[in-house]
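1. I'll drop the sequence and a predicted model, then ask my questions.
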Number of protein chains: 2
Amino acid sequence: MKNQDFINKLRNSGLRPTKQRIKICEALFNTEKTFHFTVNDLAKMMQKNFNEKISLATVYNTLHAFKKKGYVKEISLGNDKSYFDTNISSHHHFYDTKTNELIDIDSSKIELKNIPNPPKGKSIKEIDVVINVENDSQ
Amino acid sequence: MKNQDFINKLRNSGLRPTKQRIKICEALFNTEKTFHFTVNDLAKMMQKNFNEKISLATVYNTLHAFKKKGYVKEISLGNDKSYFDTNISSHHHFYDTKTNELIDIDSSKIELKNIPNPPKGKSIKEIDVVINVENDSQ
DNA sequence: CTTCTACTTTAGACTGATTATAAACTGATA
DNA sequence: TATCAGTTTATAATCAGTCTAAAGTAGAAG
C-alpha cells in the first residue's frame, strides 16, 4: 500500500489525512504480518523506525479513532495496559500471563457450542476467548 | 461459617489470622451467593457493613494473598480496574461493556471444542470466555 | 495564492488504580 | 512477658490513560 492509499482510506472514513495519521498507517498496515502492540510500543516505534516524534496524546487519539473505524482491535487482558491488534478478523488469543506474550488463534480453530442466551434486553457484541498459558516449569 | 473456621482456614494456608483478614473473610465468604467486586467496593463495604476501616493497601494485600491461595479469582476485562469474584469454580462471564455489569456463566453451559495446542514449552493454565453484551438500542 | 475555520496535534497538567515505603503494630512462640 | 517476623497503615510514588488550552494545519472558498 502506498501513502496515497492511506490518504484515501483516511479521507473516506472522515479522518483528515494528517502527517501523523499517515505515518501511523504505514507503521501499522504496511507489514506482512499483523501484530500486537501497546500505545507505548507504537509511540517508540514511530520515533525509532519512522523518525517521527508523535505525542502520546495523538497516538491515543489516533488509535481510538482507528478502533472506532475498525482498523484495529483492542484486546482485554488481565493487565493494567491495553493491547491493540492489527489483526481485525474475529480471532482469539493465547496469553502468557508471565511474559505478557500474545499469540493469535484463528476463530475457526475453536468451536464454541451452546452459547447461552444473553440477559434480557441485551445482545451479544463479541466473544473473546483468552487461553492463559505459562512456561512449563523446568 | 464461624470466625473460628476462618481463623483455621487462614492459619492452615500460612496466613496469620489478623483482625482485618478475618473480617474480610466474613464479608466475602459468609454470603449465600458469590459476587463480584472491585477493591474499592470491598473497602467501602468493610467500613459501612462491617464497621471496620481497613486501609486500601491492606485490602489489596489481602485480596492478592487470597487470590494466590485460590480463595478468590481475579477477572480480566477491558477496563482500568480489576474485578474479583468469590465464585472460584471454573466459569465464564457476560460483560456489559457499557454498564460494567458482570454475570456468571457456569462453565458447563459453554462447550469449547478443538482447543488448539499451546505454543511449545507452554501449558494451558485457564481459559476465560467473556461474552461482551450491550443493551439493545431502544 | 491568501484567508478562514474547523479539525488536529501537542506538552504538560491531571486523574484514578495500583504499588512501594517506612514506621507503628500484633500474633505466635519461647 | 519479651521478642521478632509478619502485618497494617498513611502517605508518597508510579503508571496508564485522559483532559486542556494553545499552537498548528488541511481543505474550502475567495
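-> Nice, thanks for sending it over.
2. check whether the longest helix along chain A contacts chain B.
-> Counting residues, the longest helix found in chain A (DSSP state H) is helix A:56-69. No. Using Cβ under 8 Å from any Cβ of the partner chain, helix A:56-69 stays clear of chain B, with a minimum separation of 11.1 Å. Glycine gets a C-beta too; all of them are placed from N, C-alpha and C.
3. Let me know the average pLDDT across that helix.
-> Mean pLDDT, helix A:56-69: 98.
4. got it, and stretch A:97-112?
-> Computed over stretch A:97-112, the average pLDDT equals 93.
5. now that stretch: how far from the chain's centre is it?
-> 14 Å (Cα atoms, centre = their mean, to the nearest Å).
6. That stretch near DNA strand D at all?
-> No. Stretch A:97-112 stays clear of DNA strand D (Cβ under 7 Å from any atom of the strand), getting no nearer than 11.3 Å.
7. which parts of chain A sit against DNA strand D?
-> Near DNA strand D, when you scan chain A using Cβ under 7 Å from any atom of the strand, you find A:11, A:16-19, A:38-40, A:56-57, A:60, A:64, A:80-82.
8. Return the closest of the residues you listed with respect to chain B.
-> Distance to chain B across the residues of chain A next to DNA strand D (Cβ to the nearest Cβ) is lowest for A:S82, with 6.7 Å.
9. quick one, what contacts the closest one?
-> A:S82 makes contact with A:T38, A:V39, A:E74, A:I75, A:S76, B:G78 under the criterion Cβ atoms under 8 Å, 6 or more residues apart in numbering or on different chains.
10. on that earlier part again, please flag which of the residues of chain A next to DNA strand D sit within strands.
-> A:T38 (DSSP state E).
11. List, out of the residues of chain A next to DNA strand D, those positioned next to DNA strand C.
-> A:R16, A:T18, A:L56, A:A57, A:D80.
12. picking that back up, could you export the contacts of A:S82 as a markdown table, including distance to B:L102 and neighbour count?
-> As requested, the contacts of A:S82 are arranged in a markdown table below (distance: Cβ to Cβ, whole Å; neighbours: other Cβ atoms under 10 Å in any protein chain shown):
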| residue | distance to B:L102 | neighbour count |
| --- | --- | --- |
| A:T38 | 25 | 15 |
| A:V39 | 26 | 17 |
| A:E74 | 19 | 13 |
| A:I75 | 18 | 19 |
| A:S76 | 13 | 19 |
| B:G78 | 12 | 15 |
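13. from the residues you listed, which is closest to DNA strand D?
-> Taking Cβ to the nearest atom of the strand as the measure, A:V39 is the one of the contacts of A:S82 closest to DNA strand D, at 4.3 Å.
14. contacting residues around the following helix or strand past the longest helix of chain A?
-> Once the chain leaves helix A:56-69, the next helix or strand it forms, by DSSP states H and E, is strand A:73-75. With Cβ under 8 Å, 6+ apart as the test, strand A:73-75 has contacts from A:H36, A:K67, A:S82, A:Y83, A:F84, A:D85, A:N87, A:I88, A:H93, A:L102, A:D128, B:G78.
15. B:L112: which of the residues you listed is nearest?
-> A:D128 (12.9 Å; Cβ to Cβ).
16. ok, and for the helix or strand containing that closest one, which residues are buried?
-> Using DSSP H and E, A:D128 sits in strand A:122-135. If you call a residue buried by 16 or more other Cβ atoms under 10 Å in any protein chain shown, then strand A:122-135 has these buried ones: A:K122, A:I127, A:D128, A:V129, A:V130, A:I131, A:N132, A:V133, A:E134.
17. Same check on stretch A:91-106?
-> A:H91, A:H92, A:H93, A:F94, A:Y95, A:D96, A:T97, A:L102, A:I103, A:D104, A:I105.
18. same check, this time on stretch A:32-44
-> A:T34, A:H36, A:F37, A:V39, A:L42, A:A43.
19. cool, stretch A:47-58 as well?
-> So for stretch A:47-58, counting by 16+ other Cβ under 10 Å, buried means A:E52, A:I54.
20. cool, and stretch A:69-86?
-> Buried-residue list, stretch A:69-86, by 16+ other Cβ under 10 Å: A:Y71, A:V72, A:K73, A:I75, A:S76, A:L77, A:Y83, A:F84, A:D85, A:T86.
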